[in-house]
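Novice: Pasting the sequence and the predicted coordinates here, then a few questions.
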Amino acid sequence: MILKTMHNRLKHLFYSFLLLVISPLFLFAKGNPEELFAKGNSQYAKAQYKEAIQSYQEVLNTGYKSAAVYFNLGNAYYKLGEMAPAILHYEKAYKITPGDQEIHLNLQLANLKIADKIEVVPEFFMAKWWKSLVLFFSTHVLSVFAVAFFLLGFALLIVYLFAVSVSIKKPAFYAGITLLVLGLLSIFIVNTQSNYLNSSSQAIVFNGTVNVKSGPDDKSKTLFVIHEGTKVTIKQNDDNWLKVELPNGNIGWIESVAVKEI
């Protein structure tokens with residue numbers, strides 16, 4: 001009776017976890033990111049930059065987020081001389097792979113072509129290390145890992161329940177528990193990664209010239225002016241206004257429509 005109860009509980013857990021971890025995989029049903037990405041690369045190689053941008057954007061529309069897609073999208077905009085969207089997508093790519101030197105170099109080159117030359121404070125190495133760890137695998141790969149870990153974990157626990165030999169039961173139990181823990185860890189990293197990628201604490205200025213005000217209204221005093229392509233950190237959101245900070249420490253208010261969030 002006890003054995004049957006344990007077996008039923010394991011089955012219930014198995015189906016619950018399986019439903020939880022396979023949901024991200026349904027993103028692939030919206031399109032084929034690999035084919036769209038290859039199409040964009042082909043168009044880019046033929047100097048069809050506008051068409052390449054459209055293909056890369058279609059990749060993103062499927063829900064697939066990749067540093068390579070953002071990077072190539074930034075390159076296409078760079079070739080067209082559109083620095084603000086180029087910087088925006090380079091920043092999105094660098095956010096996913098903060099240690100990539102090629103992305104960093106292209107981002108520097110794009111920043112040389114904008115009006116505001118503001119020195120960026122280097123990121124603390126521990127924060128960069130944590131991001132690299134969380135972003136080492138994509139969400140899709142981690143989802144596949146989670147499914148595999150849970151399937152194998154539950155399979156080994158079933159072996160543990162029905163095996164007669166102690167020499168088989170003991171390793172099957174510990175291996176099964178280890179795989180389930182790895183499955184839960186994969187889900188935790190997926191959730192952490194998703195929250196990080198969807199957070200928008202920084203933005204790129206898209207208006208040609210933006211007056212930075214002392215308060216969240218047009219009548220406030222203009223403190224200084226920033227231009228298209230400049231990156232700002234969002235400190236506060238007040239209706240249609242954003243309190244932003246520049247890398248040099250200057251703070252003020254700008255209209256939210258003047259920027260696009262990273």
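Specialist: Right, received. Where do you want to start? Numbering: from 1, shown residues only.
Novice: longest strand of this structure?
Specialist: Counting residues, the longest strand found in the chain (DSSP state E) is strand 231-238.
Novice: so what secondary structure elements neighbour the next helix or strand after that strand?
Specialist: Using DSSP states H and E, the helix or strand that follows strand 231-238 towards the C-terminus is strand 241-245. If you count contacts as 3 or more CB pairs under 8 Å, 6 or more residues apart in numbering; DSSP states H and E, strand 241-245 packs onto strand 231-238, strand 251-255. For glycine as for every other residue, the C-beta is placed from the backbone atoms N, C-alpha and C.
Novice: Which among the ones you listed is found nearest to residue 199?
Specialist: Ranking these by their distance to residue 199 (criterion: CB to CB) puts strand 231-238 first, at 10.2 Å.
Novice: any idea how far that closest one is from the chain center?
Specialist: The chain centroid and the centroid of strand 231-238 are separated by 19 Å under CA atoms, centre = their mean, to the nearest Å.
Novice: residues making contact with that strand?
Specialist: Residues outside strand 231-238 that contact it (CB atoms under 8 Å, 6 or more residues apart in numbering): 87, 91, 120, 200-205, 216, 226, 242-247, 251, 253-254, 256, 259, 261-262.
Novice: can you tell me which helix in the chain is longest?
Specialist: Counting by DSSP state H, the longest helix found in the chain is helix 166-198.
Novice: Return the set of buried residues in that one.
Specialist: Neighbour counts over helix 166-198 (16 or more other CB atoms under 10 Å) mark 172-173, 175-176, 179-180, 182-184, 186-187, 189-190, 193 as buried.
Novice: what's downstream of it, the next helix or strand?
Specialist: strand 202-205.
Novice: Now do residue 149 against residue 235, distance only.
Specialist: 40 Å (CB to CB, to the nearest Å).
Novice: which residues of the stretch 51-200 of the chain score low on pLDDT?
Specialist: The stretch 51-200 of the chain contains residues with pLDDT under 70 at 99, 120-123, 200.
Novice: same thing but 80
Specialist: Low-confidence segments of the stretch 51-200 of the chain, defined by pLDDT under 80: 98-99, 118-140, 194, 196-200.
Novice: Grab the most central residue of the protein for me.
Specialist: Central residue of the chain (CA atoms, centre = their mean): residue 197, 3.2 Å from the mean position.
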